[in-house]
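Q: I'll drop the sequence and a predicted model, then ask my questions.
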Amino acid sequence: MLTADRKARGDEVLNLCFHGIGTPGRPMEPDEELYWVTESQFTGLLDVIAEFPRVRITFDDGNKSDAAIALPELRSRNLAATFFVIAGRLDEPGSLSSADVRDLADGGMTVGSHGMRHRPWRSVDDDELHEELTDAAEAIARASGRPVHEVACPFGDYDRRVLTAVRRSGFRHVYTVDGGPARRTAWLQSRYTIRAGETPAGIERRMRAPGGGAVTAAVRKGKALVKQWR
């Protein structure tokens, strides 16, 4: 009989969060370069990820490289991913076009929302939060031709008010960047952010020890609980 710990580990996934790949086609936000990877680095990471079925891939910000580089590389390896698009950047230079978003959806990828204007949701008022959640999802759904059921908090910024609004908006899952593994079907999905210096060996180490150790996991869980209740 499986122990409770082994059952929990069997239900764990490691959600990875990519941002841009290659050369940015737009002005970068402060410190954004810390999260961009080279094209060769990206393909090397994908080769390792493909060996681990419990790794799930996501992309934030809706950069042009999602369609130009990520999509063909994913499809060549029979991998799927979720792309969280910033609705207010659609059709802007360096960002996904509406046609790109449709190509992602038609290519078997999931298209989710990263809000309207890439701003921290804790700092916006109720009307602005409605724009970030409802209006953004509607715009992205029009572009993709599919309903939007997944959402990712910009900058991993959330609190109880934000999560309540997200739940009331009907999203099936909300993604953060709290790090560590997540339960496969949990509503709140933590992710590990890929940084510019990430290596295939680093991904493999994280996958082989997804909990990150009991102490680390406990600290991470405590931080997430603080965010949810502040």
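A: Sure, I can see it.
Q: what are the bridge partners for the residue most central in space within the chain, then?
A: Residue closest to the mean C-alpha point of the chain, counted by C-alpha atoms, centre = their mean, is Thr58 at 4.1 Å. Under DSSP bridges, the beta-bridge partners of Thr58 are Cys17, Thr82.
Q: my read: it touches Tyr175, true?
A: Yes - with contact defined as C-beta atoms under 8 Å, Thr58 counts as touching Tyr175 (6.5 Å). Placement of C-beta: from N, CA and C, glycine included.
Q: what sits in contact with each of the two?
A: Common contact partners of Thr58 and Tyr175 (C-beta atoms under 8 Å, 6 or more residues apart in numbering): 15, 17, 82, 84, 152, 191.
Q: Pull the most distant pair out of those.
A: Asn15 and Phe84 (11.4 Å; C-beta to C-beta).
Q: tally of neighbours for Ser123?
A: Ser123 has 9 neighbouring residues, counting by other C-beta atoms under 10 Å.
Q: tell me the mean pLDDT for stretch 153-161?
A: Stretch 153-161 shows an average pLDDT of 97 in the prediction.
Q: Now for Asn15 and Phe84: what residues contact both?
A: Joint contacts of Asn15 and Phe84 (C-beta under 8 Å, 6+ apart) are 58, 175.
Q: All the helices of this protein, residue numbers only.
A: 4-10, 39-49, 65, 71-76, 98-106, 126-130, 136-144, 160-168, 200-208, 214-229 (DSSP state H).
Q: For the shared contacts of Thr58 and Tyr175, pick the one with the most neighbours.
A: Ala152 (27 neighbours).
Q: Contacts only, for that residue.
A: Applying C-beta under 8 Å, 6+ apart, the residues near Ala152 are 17, 58, 60, 84, 112-114, 174-176, 191.
Q: where in the chain is pLDDT low?
A: 1-9, 210-230 (pLDDT under 70).
Q: let's see it at 50
A: Low-confidence segments of the chain (pLDDT under 50): 1-8, 213-216, 218-220, 222, 225-226.
Q: quick one on the thing from earlier: can you put the contacts of Ala152 in JSON lines and add distance to Ala136?
A: Shown next, in JSON lines, are the contacts of Ala152 (distance: C-beta to C-beta, whole Å):
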{"residue": "Cys17", "distance to Ala136": "18"}
{"residue": "Thr58", "distance to Ala136": "17"}
{"residue": "Asp60", "distance to Ala136": "13"}
{"residue": "Phe84", "distance to Ala136": "10"}
{"residue": "Gly112", "distance to Ala136": "10"}
{"residue": "Ser113", "distance to Ala136": "5"}
{"residue": "His114", "distance to Ala136": "8"}
{"residue": "Val174", "distance to Ala136": "13"}
{"residue": "Tyr175", "distance to Ala136": "15"}
{"residue": "Thr176", "distance to Ala136": "17"}
{"residue": "Arg191", "distance to Ala136": "19"}
